[in-house]
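Asker: Provided below for reference: sequence and predicted model.
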Amino acid sequence: MKSAKNGRDGRTRIIEGALRRFSQDGVSASTLASLREESGVSVGSFYHHFASKEHVFGVLYSETLAMYQEAFIAELTRHDDARAGIEGIVALHMAWCGEHPERARLLISERPPRREEPGGAEVAESRRTFFRQVSDWWRPHMKAGLLKPVHPTMCYVLWLGPAQEMCRLWFAGAHQPTDEEIKELGEAAWAGLRM
């Protein structure tokens, strides 16, 4: 049900408020009262939509991860060329984090919900689908001798580890990465993943 406050429904206001609070204070330091205050909803309205702060976090993390993965796969599948795909994803990662800093902070700094926690099953399923899609793109390039056969964890570290660290530093107050620095991060990822 939509309220008069900005014409948004209670669930949307809670999610948006939680995103601001979690980004500023972290999940563990945010209280249920601070989430309600930030979103402008009553106790009853909060519990109508969510069972707990952890429930809000699970939904928000799952939705944010899905947004990121959708952008990642859309960018990756635009590229038939292995190098263009690797470097394109690094540029996409940096751009996505710049366009969605609160959501990026959530993915970078918070532990994802475990399978048994709210949102955990959705995150696990989303990851499974995502890794299959990335593997579907990777495999032909690997078979052609262009990309290394690497474990998914190592693939992530070599591909996006430096870019992720650059984002972490940026969000902690370092300068916004320049286009040249982003290009260098892409080249480093290619150097680490090519055969």
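Answerer: Nice, thanks for sending it over. Residues are numbered from 1 along each chain as shown.

Asker: grab the nearest non-local neighbour of H93.
Answerer: Counting by CB to CB, 6 or more residues apart in numbering, H93 lies nearest to A163, which is 5.0 Å off, once chain neighbours are set aside. Using the backbone N, CA and C atoms, a C-beta is placed for each residue, glycine as well.

Asker: where does the prediction get shaky in this structure?
Answerer: 1-7 (pLDDT under 70).

Asker: not counting the host helix or strand of the residue nearest to H93 itself, show me its contacts.
Answerer: In the assignment (DSSP states H and E), A163 maps to helix 152-171. For helix 152-171, contacts defined as CB atoms under 8 Å, 6 or more residues apart in numbering pick out 86, 89-90, 93-94, 97, 101, 104-105, 108-109, 131, 134-135, 138, 150, 176-177, 181-182, 185, 188-189, 192-193.

Asker: OK, contacts around the closest residue to L146 other than its chain neighbours?
Answerer: In this structure, L146 finds its nearest non-sequential neighbour in A82, 4.2 Å apart by CB to CB, 6+ apart. Residues in contact with A82 (CB under 8 Å, 6+ apart) are H141, A144, L146, L147, R194.

Asker: you'd agree the first one is in a helix?
Answerer: Going back to what we said before, that points to H141. Yes: under DSSP: H, G, I helix; E, B strand; the rest coil, H141 falls within a helix.

Asker: distance of it relative to G85?
Answerer: For H141, the distance to G85 (CB to CB, to the nearest Å) stands at 8 Å.

Asker: and the last one, by the same measure?
Answerer: Applying CB to CB, one obtains 11 Å for the distance of R194 from G85.

Asker: so for these two, which residue has more residues nearby?
Answerer: Comparing R194 with G85 by neighbour count (other CB atoms under 10 Å), the higher total belongs to G85, at 22 against 14.

Asker: check contacts around the more buried one.
Answerer: G85 neighbours (CB under 8 Å, 6+ apart): L76, H79, W137, H141.

Asker: wouldn't the first one be in contact with V134 here?
Answerer: Yes: under the criterion of CB atoms under 8 Å, L76 makes contact with V134 at 6.8 Å.

Asker: by how many degrees do the helix or strand just after the helix holding A163 and helix 152-171 diverge?
Answerer: Downstream of helix 152-171, the first helix or strand assigned by DSSP H and E is helix 179-193. Counting by axes from the mean of the first three to the mean of the last three CA atoms, to 10 degrees, helix 179-193 lies at 160 degrees to helix 152-171.
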